Structure formats: C-alpha cells, structure tokens
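> mind looking at a prediction? Sequence and model below.
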Amino acid sequence: MKQYQILVIGGDGIGTEVTEWGKKILEEIGQQFGHQFTFDTALLGHSAIVATGSPLPEATLHKARQSDAILFGAIGHPMYDNDPSLKVRPEQGLLGLRKALGLYTNIRPIKLFDELLDASSIKPEILKGADILFFRELTGDVYFGEKARKDEGKTAYDVMIYSKYEVERIAHKAFQAAQKRRKILHSVDKANVLESSRLWRETVNEVGRQYPDVQLHHQFIDSAAMLLIKNPKMFDVVLTGNLFGDILTDEASQIAGSMGMLASASIGDSTGFYEPIHGSAPDIAGKGIANPLASILSAALLLEHSLGLKEEAQSIVDAVDKTLKEGYRTIDIADVHTEKSKVLGTQAMGNHVLTSLRAIVKTKFELSTY
Ligand code: NAD
C-alpha cells in the first residue's frame, strides 16, 4: 500500500471550517480505495501570527517541504483589512509559502454543475455548457515587484514585473492543457498600455509556435472581463498573470454559482498546494453555514494533480454532483426563488457528500465485479 503525507493548513475564519471536510473526504477515499494518508497540521496567516508572531512559521515551511501535497483553507482577518499600516500581515504567509515552494502555476477549473444553473445571477442559456480552465501565474506581477511610498507617504507604487522565463514556464503548461481539451487558448493581458504585458504577449506567441494545433487568441483584460459574462462558452483555456487572474477568476466564480464552489491547484517545482478560491469570509465565520464543496473539490484536485489518483478524484466530483442532484444546498447556492433547495449548514452538507461518496464507490466496485 502506498503512503501519502498530506499537510492540512486550515488557516483563518471559514478556512478551518471547510478544510475539515476536505480532509474527511480524503480519509474516506483512503478507506474506500485502500490508500494510506498520513495527516499533519500547520499554522499560516493570522492564526500563525497570534501563536508565533510570524505569518509563516519555520515549522510550517519545514512540514510543507516534507509533504506530498498540501490541503489549505484560507487566511485573513478584518483587523488587517481595516488597518493597512500593520506590517506583519496574514497574506505574507500565503505569498511567502507559494514563493518558497516555487508554486508558479495556479489552475482553476470553472465548471458549472447542471443542478446549479439557477444559482448563478447569469442567465442559464448563457451558462449551460461553460467549461473554462484558468492558468493564473502566481509568483510574479505587482504582488512581488517593488512596493514603496514617497513624498512623505502621499505617493505609492507597486511595480508590475515579469521575466521571460516566468511567462514561458506557465505558457507551456497552459498550451499542454489546451491540447487535451478544445485546443483554444486565450492569453489575457493589457499590452496596449503595459510593457510587462508586451513581454507577456511576445513570449506567449513564441511558446505558441511549438503548439500549432492550439488556436491562440490574445484578449485585453478589460474586454476579457466583459466577454466572460457575455459569452463564457467562447473560452476553453485562459492564460493570464497574477493580478488579472486574481480578478478574472473571482468574476468567473459566478459562472459556477458561488465562491464556495471553486477549487484551485497551485503547482510548481515541488509540493502541490490545493485550496478553495475564496477567502476567510469573516462575515460568516463561526456561523456553521460556509459551503465546504470548494474544499472538497480541492481534495479531488490534490488526488489528481499531486498523487495521480484520477479515479478517486472523479469519485469525489461525482459525489458532489449526486449531493446537488438530491437537492442539498448551502445557503450561498440555494435557489431562493423556489422551495426546492434543502438548505444545510457546513457539517450536514459535508456529511451528505460523504454518504454520496460511499454510495458511488460501492456501485463502482459492484459493477467492476461483474
Ligand atoms: P471572501 O472570499 O472571504 O468572501 C467573499 C464573499 O463570499 C463573502 O460574502 C463570503 O461570505 C462569501 N463566501 C466565501 N466563501 C464562501 C463559502 N465557502 N461559503 C459561502 N459563502 C462564501 O473574500 P473577502 O470578503 O474579500 O475577504 C475576506 C478575507 O479573506 C480578507 O482578509 C482577505 O484578505 C482574505 N482572502 C484570503 C484569500 C486566501 O486565503 N487565498 C483569498 C481571498 C481573500
């Protein structure tokens, strides 16, 4: 039996509440399919600052490097959001860990479960069939360029910076993914204004010549933001930088019904990192109503991308689908216009997915014995 070492970092707010369910799903997969997962936990973000004074304690970094994969929740606390003068901040922990692990590619699948067609604020006929795979660059851009203030604090700047090799390595990953899908790649930039975008576009064109079977389109970020809502089905693979990707994928979460539905995989040179796209949601933290499905779907991405366990990953996606088909919803994806939704809290929703997973795996094994 193969053993896998998984590091679980709940983080802050609803991060810990939903990650509990991503972990429980992995435990269930271990039992059903005969894999041995060993779990460890670590601190990051506000909870790490409170406990150790650092948003990224050395022990977390050490455990992260020893693991086969990391299941993460979210970081963030209102005390920092309301006070930009605080120098030690939760997001430093997350950005520092991504950088330390060389996680330069963030993959975000945007796919609407048919059952949630009515949960989105976009018309069902525009949405049905939309299936987009985002590749967001994660270690460059304004997030990591020089930042400073001048003129006695009255002027501030953040440098938007990209090097050619940073664009090349993620562009290859995006083109390779497009080859396995509809073979359409949209690269999103702002090359009419930004020099870093002109380097981005030039480099993507060069890489694209090695993938002649993939149709390459360039889109400015402003028109991409509009087209994503107007006609999401035109997109297959979308490749973009750190800042534009951050904004576009939150927008795209409305295609999937809610932030609470979207999972992401961050991969690079070593340990993979799997997390919902949402934050710590202080407005609902502690109320027991957070949607755990993004964390559960993050566990599926972990199995697929870091451990190569595709069948197990698909069982999780099928279990989420079955749960939604049975009408179970957390409040963020409930159909408020009808009485159809069976609205549940985090724990009950997680338990229903576990039950669905057991049923799906049982049927799968029964069929395979015929
Ligand atoms: P958020 O994603 O936490 O919340 C946005 C809205 O979506 C809120 O109304 C929230 O209630 C809702 N929501 C999010 N996840 C949900 C879920 N699973 N179920 C139901 N509803 C859900 O974004 P925000 O409010 O802009 O930020 C809150 C904090 O999170 C901030 O401190 C921010 O810095 C941090 N943040 C962290 C990450 C991360 O850890 N990767 C990402 C984004 C924001």
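Arrived safely. Numbering: from 1, shown residues only.
> domain-wise, how is the chain divided?
1-107+265-370, 121-256 (automatic domain parsing).
> what about the strands in this structure?
3-11, 36-41, 69-74, 105-111, 131-137, 147-150, 155-158, 184-189, 215-220, 237-240, 263-267, 272-276, 328-329, 342-343 (DSSP state E).
> tell me, what residue is most central in this structure?
Compute the mean C-alpha point of the chain, and by CA atoms, centre = their mean the closest residue is residue 264, 2.1 Å away.
> contacting residues for that residue?
Counting by CB atoms under 8 Å, 6 or more residues apart in numbering, residue 264 touches 106-108, 249, 274-277, 298, 301. C-beta: built from backbone N, CA, C; applies to glycine.
> closest to the ligand out of the domains of the chain?
domain 1-107+265-370 (2.4 Å; CB to the nearest ligand atom).
> quick one: stretch 57-71 near the ligand?
No. Shown here: stretch 57-71 not in contact with the ligand (CB under 6 Å from any ligand atom), separated by at least 12.8 Å.
> distance between the ends of that stretch?
Taking CA to CA, to the nearest Å as the measure, stretch 57-71 stretches 17 Å from start to finish.
> same check, this time on stretch 59-73
18 Å.
> shouldn't residue 183 be in contact with residue 217?
No. Counting by CB atoms under 8 Å, residue 217 is not a contact partner of residue 183; they are 11.7 Å apart.
> circling back to that earlier point, of the contacts of residue 264, which pair is most distant in space?
Across the contacts of residue 264, the longest distance by CB to CB is 15.0 Å; it joins 249 and 274.
> looking at these two, which one has more neighbours?
The neighbour count for residue 249 versus residue 274, taken as other CB atoms under 10 Å, is higher for residue 274 (28 against 22).
> for the longest helix belonging to the chain, buried residues please.
Secondary structure of the chain read by DSSP state H shows that its longest helix is helix 346-368. Judged by neighbour count using 16 or more other CB atoms under 10 Å, the buried positions of helix 346-368 are 346, 349-354, 356-357, 360-361.
> check whether it contacts the ligand.
No. Against the ligand, helix 346-368 shows no contacts by CB under 6 Å from any ligand atom, the least distance being 8.2 Å.
> equivalent analysis for stretch 288-306, please.
Yes. Against the ligand, stretch 288-306 shows contacts by CB under 6 Å from any ligand atom at 290-291, 294.
> equivalent analysis for stretch 36-52, please.
No. Legend: contact between stretch 36-52 and the ligand by CB under 6 Å from any ligand atom is lacking; minimum distance shown is 7.1 Å.
> start to end distance for that stretch?
Terminal-residue distance, stretch 36-52 (CA to CA): 31 Å.
> tell me which parts of the protein are close to the ligand?
14, 18, 74-77, 81, 91, 94, 259-260, 278-284, 290-291, 294, 332.
> if we can go back for a sec, and for the longest helix of the chain, what's in contact with it?
Applying CB under 8 Å, 6+ apart, the set of residues contacting helix 346-368 is 17-18, 20-21, 24-25, 28-29, 32-33, 288-293, 296, 315-316, 318-320, 322-323, 326, 328-330, 344.
> out of those, which are inside helices?
17-18, 20-21, 24-25, 28-29, 32-33, 293, 296, 315-316, 318-320, 322-323.
> quick one: buried ones out of the residues you listed?
The neighbour-count criterion (16+ other CB under 10 Å) marks 17-18, 20-21, 24-25, 28-29, 32, 293, 296, 315-316, 318-320, 322-323 among those as buried.
> could you measure from residue 239 over to residue 203?
Per CB to CB, to the nearest Å, residue 239 is found 11 Å from residue 203.
> still on that earlier bit, now the strands of the chain in a markdown table, with mean pLDDT?
As requested, these are exported to a markdown table (pLDDT from 0 to 100):
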| stretch | mean pLDDT |
| --- | --- |
| strand 3-11 | 97 |
| strand 36-41 | 97 |
| strand 69-74 | 98 |
| strand 105-111 | 93 |
| strand 131-137 | 96 |
| strand 147-150 | 96 |
| strand 155-158 | 97 |
| strand 184-189 | 98 |
| strand 215-220 | 98 |
| strand 237-240 | 98 |
| strand 263-267 | 95 |
| strand 272-276 | 97 |
| strand 328-329 | 94 |
| strand 342-343 | 90 |
